[in-house]
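In: Take a look and give me a structure for this.
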Amino acid sequence: MPDVAAPRLKFLDTALFAIVMNIGLRWLPIAAAVGPASFPMWALALLTFYVPLACASAELTMQFPGEGGIYGWSRDTLGPLAGFLCGWFYWFALMPYFAGILYFLVGLIEATFGVSTHDTALNFVLSLAAGTLVLGVQAAGLRYGKWLTNFGAAGSWLIFLIIAGIAWALALGGKSATHFSSGPFLPKVNFDTAILWGTMVFAYSGVEGIAFMRNDIHGGIRTILSVFVIVGASMAVIYILGTAAMLVILPQAELTRFAGLADALHAAFARAGAPSYAAIAIGFLALAQIGGFTSWFAAGAKLPMSAGLDNFLPALFARKNEKTGVPIAASLLQGALMLFFVALGQAGSSAATAYDFLVSMSVITNSLAYVFLFLVYIRRSREARVPGAWQPPGRGATSLVLGVMGLVGTILAIVCSAIPSTGDPNPGATLAKIVLANLAMVVIGLALYWLADRRRRIAAAAAERIPIL
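Out: Numbering: from 1, shown residues only. The predicted structure is shown next:
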């Protein structure tokens, strides 16, 4: 039975979808904890990672018209095994990422109502409730899900404007908690800087995910190109100015990676003389996080569906709901794995340590997929282009340079994210969890590929023995 045509996203919907999908306010406290030295790092990550990624995504989307995005690009360029591993890494990276969002979201909910974040049972129950909500919205399809992502985009900008506005008023009144003139603007070589680079690469990633939605977007590649520019500009504004605003509100020493954003909102409204409004703002921030969560959950479900179409995963993952076009089986599997990582992150760890673990897992696994993406881009830079396809100024030579830049930045992010936190009471155990979880992911992926390849070989051998009538 043919798929029912799903409603297409218009330009405004696509721009809002991409903004909430790719911009995460929860990265601001990680940057603010490094101090003013994070400003040049944000700019460096924008130029050496986001720009290469956006250009690669625009070119490769034009060269590969089918669904599958990064997975299809790697498969058709580097071969089926490389393609499957790229898609497997990319999709699997979303599981600790979703778990990290849930962890952060639960912290915001508890901060809103003044509940302790040390109750692991309560954390898991709230994570389950938030995950169920997202699954329900995903099952309803883009027709309804887009309103939650649109609200998430508006909520992110609202929270950003609140923080920036209060910080601006404090700075004008000479009440800044940080003296920016004294710097320092050169980052130190330590864990905070290492995890920041990995986090920045992750924070600037995601625009290639729009390629998964290309058949759901009205206007095709022209809309996508415009959205890439808007998202890049929005990222630069929110990340750099947002980090500065947090440092105006709170001194660097009082900012933490896990609770820093909620702490900054409490301090901002307290210093503005309206402490009771902090809970409302944190509530809006939580809804904005749910919006971003929903957009990525929808895009992520597309990838195992594509893998199912190629017979690497069971055919069940290729099936869509006839009314909404949503791959239900893939969505349910994502939800189950997401909750597994919530439980794994909490095992034997404090809330802050578990959050660092989930961030590191997300960055490392996701970056492994980007290694494939930039290798594809480098190889394709030396080949003939599709007539009329978009290219950056300088064409193939520029694409080659951008591909190498992106690859180097990605490898550095992997190395930096594997460094245990200096504040972790059990750094060896955390590193072991990261290594073993990634090894398990690779082994499971290779096993699935081998089983699928074996099925194909058996089917091909059986077909050769069937006499042709």
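In: C-alpha from now on. contacts and neighbour counts both.
Out: Fine.
In: Closest to the centroid, which residue in the chain?
Out: residue 206 (5.6 Å; CA atoms, centre = their mean).
In: Just give the nearest non-adjacent residue to that one, would you?
Out: Closest residue in space to residue 206, ignoring its immediate chain neighbours: residue 22 at 5.5 Å, by CA to CA, 6 or more residues apart in numbering.
In: swap in residue 163?
Out: In this structure, residue 163 finds its nearest non-sequential neighbour in residue 245, 6.4 Å apart by CA to CA, 6+ apart.
In: Please list all residues in contact with the one you found.
Out: Each residue near residue 245 by CA atoms under 8 Å, 6 or more residues apart in numbering is listed here: 163-164, 167-168.
In: sorry, back to before: am I right that the residue nearest to the centre of the chain is in contact with residue 17?
Out: No - Residue 206 is beyond contact range of residue 17, at 11.6 Å (criterion: CA atoms under 8 Å).
In: Output the contacts of residue 245 as TSV; include the columns pLDDT and secondary structure.
Out: Below are the contacts of residue 245 laid out as TSV (pLDDT from 0 to 100; DSSP: H, G, I helix; E, B strand; the rest coil):
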residue	pLDDT	secondary structure
163	87	helix
164	89	helix
167	91	helix
168	92	helix
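In: Can you tell me which of the residues you listed is closest to residue 329?
Out: Using CA to CA, residue 163 is the member of these that lies nearest residue 329, at 39.9 Å.
In: Can you get me a residue count around the closest one?
Out: 25 (other CA atoms under 10 Å).
In: Could you double-check that it lies in contact with residue 266?
Out: No - using CA under 8 Å, residue 163 is not in contact with residue 266, being 10.4 Å away.
In: tell me the average confidence for the one helix or strand residue 354 maps to?
Out: Following DSSP states H and E, one finds residue 354 within helix 351-380. Mean per-residue pLDDT for helix 351-380: 86.
In: Tell me the buried residues in it?
Out: Of all the residues in helix 351-380, those buried under the rule 16 or more other CA atoms under 10 Å are 351-378, 380.
In: For stretch 56-76, the averaged confidence score.
Out: Stretch 56-76 comes out at a mean pLDDT of 81.
In: From one end of that stretch to the other, what's the distance?
Out: End-to-end distance for stretch 56-76: 15 Å, by CA to CA, to the nearest Å.
In: I'd like the distance between residue 203 and residue 45.
Out: Counting by CA to CA, the gap from residue 203 to residue 45 is 9 Å.
In: secondary structure element for residue 411?
Out: helix 395-417.
In: what's the angle from that helix to helix 351-380?
Out: For helix 395-417 against helix 351-380, the angle by axes from the mean of the first three to the mean of the last three CA atoms, to 10 degrees is 160 degrees.
In: Please pull up the helix or strand immediately following helix 395-417.
Out: helix 427-465.
In: From residue 49, how far out is the residue nearest to residue 206?
Out: 14 Å.
In: Need the overlap of contacts for these two.
Out: With CA under 8 Å, 6+ apart, residue 22 and residue 49 have common neighbours residue 204.
In: elements contacting the helix or strand where residue 126 lies?
Out: Element membership of residue 126 [criterion: DSSP H and E] is helix 120-140. Applying 3 or more CA pairs under 8 Å, 6 or more residues apart in numbering; DSSP states H and E, one finds that helix 120-140 contacts helix 80-113, helix 142-172, helix 278-309, helix 328-346.
In: Buried residues of the shortest one, list them for me.
Out: Right, helix 328-346. 328-331, 334-335, 337-339, 341-346.
In: do stretch 61-81 as well
Out: Residues of stretch 61-81 classed as buried by neighbour count (16+ other CA under 10 Å): 61-64, 67-75, 77, 80-81.
In: neighbours of residue 455, just the number please.
Out: 14.
In: Sorry, slip of the keys, the one I care about is residue 41.
Out: With other CA under 10 Å as criterion, residue 41 counts 20.
In: for the strand or helix carrying it, packing partners?
Out: Using DSSP H and E, residue 41 maps to helix 38-45. For helix 38-45, the packing partners by 3+ CA pairs under 8 Å, 6+ apart come out as helix 191-203.
In: mean confidence for the helix it packs on?
Out: Computed over helix 191-203, the average pLDDT equals 84.
In: residue ranges with poor pLDDT in the stretch 351-469 of the chain?
Out: Along the stretch 351-469 of the chain, the parts satisfying pLDDT under 70 run over 351-352, 384-388, 421-424, 465-469.
In: With adjacent residues omitted, what lies nearest to residue 300?
Out: residue 91 (6.3 Å).
In: ok, which pair from the buried residues of stretch 61-81 is furthest apart?
Out: Longest span within the buried residues of stretch 61-81, CA to CA: 62 and 81, 22.9 Å.
In: rewinding a little: okay, the angle between the helix holding residue 354 and helix 191-203?
Out: Using the same axes, to 10 degrees, helix 351-380 lies at 50 degrees relative to helix 191-203.
In: Show me what helix 351-380 is packed against.
Out: Short answer (3+ CA pairs under 8 Å, 6+ apart): helix 351-380 packs on helix 51-63, helix 70-78, helix 80-113, helix 191-203, helix 328-346, helix 395-417, helix 427-465.
In: ok and it relative to helix 328-346, angle-wise?
Out: 130 degrees.
In: Distance from helix 351-380 to the middle of the chain?
Out: The chain centroid and the centroid of helix 351-380 are separated by 9 Å under CA atoms, centre = their mean, to the nearest Å.
In: Stretch 237-251 now?
Out: 21 Å.
In: same question, stretch 232-252
Out: 19 Å.
In: cool, and stretch 92-99?
Out: On the basis of CA atoms, centre = their mean, stretch 92-99 sits 8 Å off its chain's mean C-alpha point.
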